[in-house]
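Asks: next input, structure requested:
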Amino acid sequence: MSAVSSTAVLNRAALQRRSLKVLAFSQVLSGAGLAAGVTVGALLAEDMLGSTEMSGLPAGLFTLGSAGAALLVGRISQRSGRRPGLALGYSAGAVGGAGVTLAAVLDNPALLLLSLLVYGSGTATNLQARYAGADLADPDRRGAAISTVLVATTVGAVAGPNLVPITGRIAVDTGIPALAGPFVLAAVAYALAAIALTTLLRPDPLLTARLIAEQDARAVEVRRAQAPGGETLTAPAADDIRSLRLGAAAMIVTQIVMVAIMTMTPVHMRDHGHGLGATGLVIAVHIAGMYLPSPITGRLADRYGSRPVIAAGGISLLAAGLVAASAPAESVGLLAVALGLLGLGWNLGLLGGTTLVTNAVSLAGRARTQGKVDLGVALAGAGGGLVSGLVVATTSYAALAIAGGVVALAILPATLRASRQAGRS
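Replies: Below you'll find the predicted structure:
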């Protein structure tokens, strides 16, 4: 805490702008890293394990790995600030990417599974960075701040899948299996993101925000004492608890649905004769839907509240499931539309849920609580990834897509109930 100067506190707005720029730059890099596992992870596992039932295992494993990383990054950030927490997470992701590459070269399934767990640290850290964007933001601008960090991921995440054919050819030329090529890119991208955060994210936004809060404490007490009737100026604890639960639930449901359908789309496409280029295009559209709408979503959350945004996410996920289920297998265009809607639903649910959680938790325990919430989100995604391969193997891709859309509907009654309870408070 002492490393944060009082001068830095006085320049809060300038520090927020600087933090957002650094975080956005690191997200561009890490976006390319996370896209590798999404695009070819299931295909690599199917090749190495020789089973469609196991093709959902990579998404499950690196999502499970992201669960542990989310908790660890949250705890480190709580204790020492965002910079060391995020840098360590990305460094672990780089190690995981390198391990997957080595596993493919050695044709070692055990090393592959272990490395996928570690690789998930990059995914968790990429998501944890959104919280850092809100640390120094004004309460009515947190949605926009979170969206700035998320949208920056678009550049790397959309470029990543489209680089699959290129990285595959380069990998083959150097004696590495083609499907491992994107993981080489991931290792480099995550390592660069870690270096960027370590060197540039100074002073730390979370530590600075805490110092500001300490300096404002006396002023807050004065305002509370002057409030009519002795009323407190903070929201009732019950409202905060409801908001925290709804925000966490929204992110968990959207993660389950998104991971399950996304994981099996590349396998579905390859089984019907599509090449890596077509698969990369569809996944690029999906990832664009996940991150590109963020500025609009953030403004909507700041202006109209998070609950309507979350409800819209549930509707978008339902539409995605229906389009994916009804799309002819040969139609790359309709699959791209379905995956775009899937990404949009995830974006609405994640950003709306993140804003709710951030506003509901005090600064003193914010990073720790955020890490716990993301732990739940990651575990839910791991379950979705692990189950998706079994569902497709025993039924069909269409059945998986419809089931995902139905699950997404659970968001709507929960959102309506929370809105009614908030209205009565």
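
Asks: quick check, pLDDT for residue 10.
Replies: At residue 10, the model reports a pLDDT of 57.

Asks: after whatever helix or strand residue 209 lives in, next one along is what?
Replies: Element membership of residue 209 [criterion: DSSP states H and E] is helix 205-226. The element immediately downstream of helix 205-226 (helix or strand, assigned by DSSP H and E) is helix 237-271.

Asks: quick one: mean pLDDT over the helix holding residue 209.
Replies: 73.

Asks: now stretch 103-123
Replies: So the average pLDDT for stretch 103-123 ends up being 91.

Asks: may I see the buried residues of that stretch?
Replies: Neighbour-count burial for stretch 103-123 flags 103-104, 111-123 (criterion: 16 or more other C-beta atoms under 10 Å). Where C-beta positions appear, they are placed from N, C-alpha and C, glycine not excepted.

Asks: before we move on, what about stretch 291-298?
Replies: 291, 292, 293, 294, 297, 298.

Asks: mind checking which of the residues you listed are in helices?
Replies: Secondary structure from DSSP state H places 291, 294, 297, 298 of those in helices.

Asks: which single one of these is nearest to residue 29?
Replies: Taking C-beta to C-beta as the measure, residue 29 lies nearest residue 291 of those, at 13.9 Å.

Asks: so which helix or strand takes in the residue nearest to the closest one when sequence neighbours are not counted?
Replies: Of all residues not flanking residue 291 in the chain, residue 154 sits nearest, at 4.1 Å (C-beta to C-beta, 6 or more residues apart in numbering). Using DSSP H and E, residue 154 maps to helix 142-162.

Asks: ok now that helix, how far from the chain's centre?
Replies: Offset of helix 142-162 from its chain centre (C-alpha atoms, centre = their mean, to the nearest Å): 10 Å.

Asks: give the next helix or strand downstream of that helix.
Replies: Going down the chain from helix 142-162, the next helix or strand is helix 164-173, by DSSP H and E.

Asks: so which elements touch that next one?
Replies: Counting contacts by 3 or more C-beta pairs under 8 Å, 6 or more residues apart in numbering; DSSP states H and E, helix 164-173 packs against helix 181-200, helix 276-291.

Asks: who's in contact with the last one?
Replies: Identification of contacts with helix 276-291 by C-beta atoms under 8 Å, 6 or more residues apart in numbering yields 31, 35, 38-40, 150-154, 157-158, 160-165, 168, 258, 262, 265-266, 269-270, 332, 335-337, 339-344, 346-347.

Asks: list the buried residues for stretch 132-148?
Replies: In stretch 132-148, counting by 16+ other C-beta under 10 Å, buried: 132-137, 141-148.

Asks: so where's the chain uncertain?
Replies: 1-10, 36-39, 52-56, 59, 161, 216-238, 422-425 (pLDDT under 70).

Asks: need the contact list for residue 91.
Replies: 190, 191, 194.

Asks: burial count for the first one?
Replies: Counted by other C-beta atoms under 10 Å, the residues lying close to residue 190 total 33.

Asks: again with the last one
Replies: The number of residues packed near residue 194 is 24, by other C-beta under 10 Å.

Asks: my read: it touches residue 94, true?
Replies: Yes. If you go by C-beta atoms under 8 Å, residue 194 and residue 94 touch, sitting 6.7 Å apart.

Asks: residue 66: which of the buried residues of stretch 132-148 is nearest?
Replies: Taking C-beta to C-beta as the measure, residue 132 is the one of those closest to residue 66, at 16.6 Å.

Asks: looking at it, the closest one is touching residue 205, isn't it?
Replies: Yes. The pair residue 132 / residue 205 is scored as a contact, 5.6 Å apart, by C-beta under 8 Å.

Asks: what's the overlap in contacts for these two?
Replies: In contact with both residue 132 and residue 205: 19, 82, using C-beta under 8 Å, 6+ apart.

Asks: for residue 250, see how far away the closest residue to residue 274 other than its chain neighbours is.
Replies: If you skip the residues right next to it in sequence, residue 274 has residue 332 as its closest partner in space, 6.7 Å away by C-beta to C-beta, 6+ apart. Counting by C-beta to C-beta, to the nearest Å, the gap from residue 332 to residue 250 is 30 Å.

Asks: which of these two has more neighbours?
Replies: Comparing residue 332 with residue 250 by neighbour count (other C-beta under 10 Å), the higher total belongs to residue 250, at 32 against 18.

Asks: need the contact list for that one.
Replies: 310, 313, 349, 352, 353, 356, 411, 414, 415.

Asks: help me confirm that residue 86 comes into contact with residue 29.
Replies: No. Residue 86 lies out of contact with residue 29 (C-beta under 8 Å); the separation is 11.9 Å.

Asks: the two: who's more crowded?
Replies: Shown here are residue 86 and residue 29; by other C-beta under 10 Å, residue 86 has more neighbours (28 against 24).

Asks: buried sites along the strand or helix carrying the more buried one?
Replies: Following DSSP H and E, one finds residue 86 within helix 82-106. Applying a neighbour-count criterion of 16+ other C-beta under 10 Å, one finds 82-104 buried in helix 82-106.

Asks: now the following helix or strand past it and helix 181-200, what's the angle there?
Replies: Sequence-wise, the next helix or strand downstream of helix 82-106 (DSSP H and E) is helix 109-134. Put simply, helix 109-134 runs at 40 degrees to helix 181-200, going by axes from the mean of the first three to the mean of the last three C-alpha atoms, to 10 degrees.

Asks: residue contacts, the nearest residue to residue 314 once chain neighbours are set aside?
Replies: Take residue 314 and drop its neighbours on the chain: the residue closest to it by C-beta to C-beta, 6+ apart is residue 411, 3.5 Å away. Neighbour list for residue 411: 249, 250, 253, 254, 310, 311, 313, 314, 317, 349 [criterion: C-beta under 8 Å, 6+ apart].

Asks: which two in those are spaced the farthest apart?
Replies: 249 and 317 (13.8 Å).

Asks: more crowded one of the two?
Replies: Comparing residue 249 with residue 317 by other C-beta under 10 Å, the one with more neighbours is residue 317, at 31 against 22.
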